[in-house]
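# Got a sequence here, can you model it:
(chains A and B)
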Amino acid sequence: MAAIAEAQQPKPKLIYRHPLYVRVAHWLNALCLLALLPSGLQILDAHPAFYWGEASRFAHPFLAIGSAIGPDGAPHGRLQIGAWCFDTTGWLGVSKDADGNAIARAFPASVTLPREHDLGAGRHWHFLFAWIFVINGLLYLASALATRRFARVLLPAAGEMRRIGRSIRDHLRLRSHQGSDTGDYNILQKLSYLAVIFGLLPLMLLTGLTMSPSVDAAAPFLTTLFGGRQSARSIHFLSASGLCIFFVVHIVMVIVTQPLNLLRSMVTGWFRVGDAGAERERAAND
Amino acid sequence: MTERRQFLRQLAAGVSTLALAGCDRLTSSQHMAEVLGFGETFTRLAQDSLLGDGLAKEFPESAISPDFRANGTTAPDSQAYLDHAAAAFSDWSLEISGMVAHPLKLTLAELRAAPARTQITRHDCVEGWSGIAKWRGARLGPLIARAMPHPSARYLVFHCADTLELTLDGTGDYYETIALKDAFHPQTILAYDMNDQPLPVAHGAPVRLRLERKLGYKMAKYVMRIEAVESFADIGRGRGGYWEDRGYDWHGGI
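Predicted coordinates:
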């Protein structure tokens, strides 16, 4: 019976979805993200407060993590966002070290690189992977432009924007795999990949460079562009937060649609299209 | 189903723990220190070759920070320093020595009479914060030129009055090194005034180095002696500064 049912469905076919340079760039980027985020938190640990403008107004951060001894005599972590204040003991401000002692630190050891407070080491990790990220990104951009990949794969076609409402509704119902039988990206994928490739990632690099006093002296337009060094530092953090959201949504979308098929296509390049494959994987997931 | 989810969760937790533990071990391993050092070398080469000799941005008086933070040592406690401070540094003098043809000894009055520059600049701490202040000081370039450094001198060592960490061998004393050529950048000054007042003790009295375009830890406070050297391998722990000896990068430009 099962064999007959399968035979009646359209035959799955494999398409070559991701050329080698895209796959290499993708996984190098993933590696860079996994090193840059925790080492970034390690650096942030040295002064977990954000300001707008060129200089810090220490009494007026718009976002800050701190700690104070509470009425119970124990240290309490607090997160301040504008006028709001939250007790974040255990997560932000105060967390447990490897021996289980509560220590005053902006971020728990489990999310910083290295785990113990070490600004110098955090900076070394951050800059090493920043170089890998930049070189990887430039090679990817050059290859993608040379092969017109952005125009072929990522630029929304005319008329596609009009279906954006339906695409959003589909995504909210976790039905985004419907209609992906050609291996093309849907409009929301296209827009979010474009926003990351041409928005968030360049923003990370430029705001990161703007924090360098040496770069600022050589390229003064950078601080003007971002409204000052402290603004650039804040934007660096906010766009990193944006990347985290993208990262989480990206992983969730892979897991709820066709995890094995998508993972394989990003490893080998080959993506299986045709509803049979997708249906089978979805059935296995349910 | 729940078993699979649990397995995936455990797998994710296991992988991330392993990865982080691995990174910690890597950080302390000699091999990784070399790899991380490679990134530092790359950064320094890029700074040296791409960034040129431009001036750091200068600001109007209105941009001066009302809350410029004093970091590191804010009150050196050696008896010699306390005596100098009590006498308003009237008996103090700055020594410029080492690989120079004409060693100098300059009193504060002589420093104030030397070619000077005033600049309102942004100070960027390695921790991430910034402050803007007005600095006035003797330009370091002409002073070093007067001392006539030996052709093989490559660095200037700034020996400071403050001890940040008590150690038996004196490696806890603050010092910094800069490339000799950076002394001749027009904005490199030995600042004796901050915001039109004599430099406060918390900010490095009687003089601190202003090396605009670098991070704050390069700008030694409480400077007592400047020494021209060919190499800083024998000074402190050999990495070119108090904080460099404790893991910060020497170029300090980002």
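# Any regions of the stretch 151-286 of chain A where pLDDT drops low?
For the stretch 151-286 of chain A, the stretches flagged by pLDDT under 70 are A:174-181, A:275-286.
# need the residues of it near chain B, please.
Residues of the stretch 151-286 of chain A found near chain B (CB under 8 Å from any CB of the partner chain) are A:209, A:211-218, A:220, A:223, A:229-230, A:233. Every C-beta, even on glycine, is put in place using the N, C-alpha and C of the backbone.
# Please, where are all the helices along chain B?
Here chain B has its helices, by DSSP state H, at B:2-28, B:30-50, B:79-86, B:108-113, B:140-147.
# where among those is the average confidence lowest?
In terms of average pLDDT, helix B:2-28 trails the rest of these, at a mean of 59.
# For chain B, what's its nearest residue on the stretch 51-200 of chain A.
Using CB to the nearest CB, the closest approach of the stretch 51-200 of chain A to chain B is made by A:G120 at 2.7 Å.
# doesn't that residue fall inside a strand?
No - read with DSSP: H, G, I helix; E, B strand; the rest coil, A:G120 is helix and lies in no strand.
# ok, it touching B:D245?
No - under the criterion of CB atoms under 8 Å, A:G120 makes no contact with B:D245, lying 10.0 Å away.
# hmm, back to that, ChimeraX command to pick out the buried ones of the residues of the stretch 151-286 of chain A next to chain B?
Remark: buried members of those, expressed as a ChimeraX selection using 16 or more other CB atoms under 10 Å in any protein chain shown:
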select /A:209,211,212,213,214,215,216,217,218,223,229,230,233
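# So of the residues of the stretch 151-286 of chain A next to chain B, which two are at opposite extremes in space?
A:A218 and A:Q230 (19.5 Å; CB to CB).
# Would you mind listing what in the stretch 1-150 of chain A touches chain B?
So the stretch 1-150 of chain A meets chain B at A:34-35, A:38, A:43-44, A:46-47, A:49, A:51, A:54-59, A:110, A:113-116, A:118-121, A:123-125, A:127-128, A:131 (CB under 8 Å from any CB).
# Tell me which entries of those lie within helices.
A:34-35, A:38, A:43-44, A:119-121, A:123-125, A:127-128, A:131.
# who's in contact with the closest residue to A:L119 other than its chain neighbours?
Of all residues not flanking A:L119 in the chain, A:A46 sits nearest, at 4.8 Å (CB to CB, 6 or more residues apart in numbering or on different chains). Going by CB atoms under 8 Å, 6 or more residues apart in numbering or on different chains, A:A46 touches A:119, B:126-128.
# so can I have JSON lines of those residues showing distance to A:L188 and neighbour count?
As requested, those are exported to JSON lines (distance: CB to CB, whole Å; neighbours: other CB atoms under 10 Å in any protein chain shown):
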{"residue": "A:L119", "distance to A:L188": "39", "neighbour count": "20"}
{"residue": "B:V126", "distance to A:L188": "41", "neighbour count": "22"}
{"residue": "B:E127", "distance to A:L188": "39", "neighbour count": "19"}
{"residue": "B:G128", "distance to A:L188": "35", "neighbour count": "22"}
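# with the residues you listed in mind, which one is nearest to B:P115?
Within the contacts of A:A46, the smallest distance to B:P115 is 30.2 Å, found for B:V126 (CB to CB).
# what are the phi and psi values for the closest one?
Per-residue torsions, B:V126: phi -60, psi -20 (degrees, to the nearest 10).
# What's the local residue count around the closest residue to A:N186 other than its chain neighbours?
Nearest residue to A:N186, sequence neighbours excluded (CB to CB, 6+ apart): A:S167, at 5.5 Å. Other residues within reach of A:S167, judged by other CB atoms under 10 Å in any protein chain shown, total 19.
# do the same with B:D77
10.
# quick one: it and chain A, what's the gap?
25 Å (CB to the nearest CB, to the nearest Å).
# ok, that residue - contacts?
Contacts of B:D77 (CB under 8 Å, 6+ apart): B:T163.
# Appreciated, that's everything.
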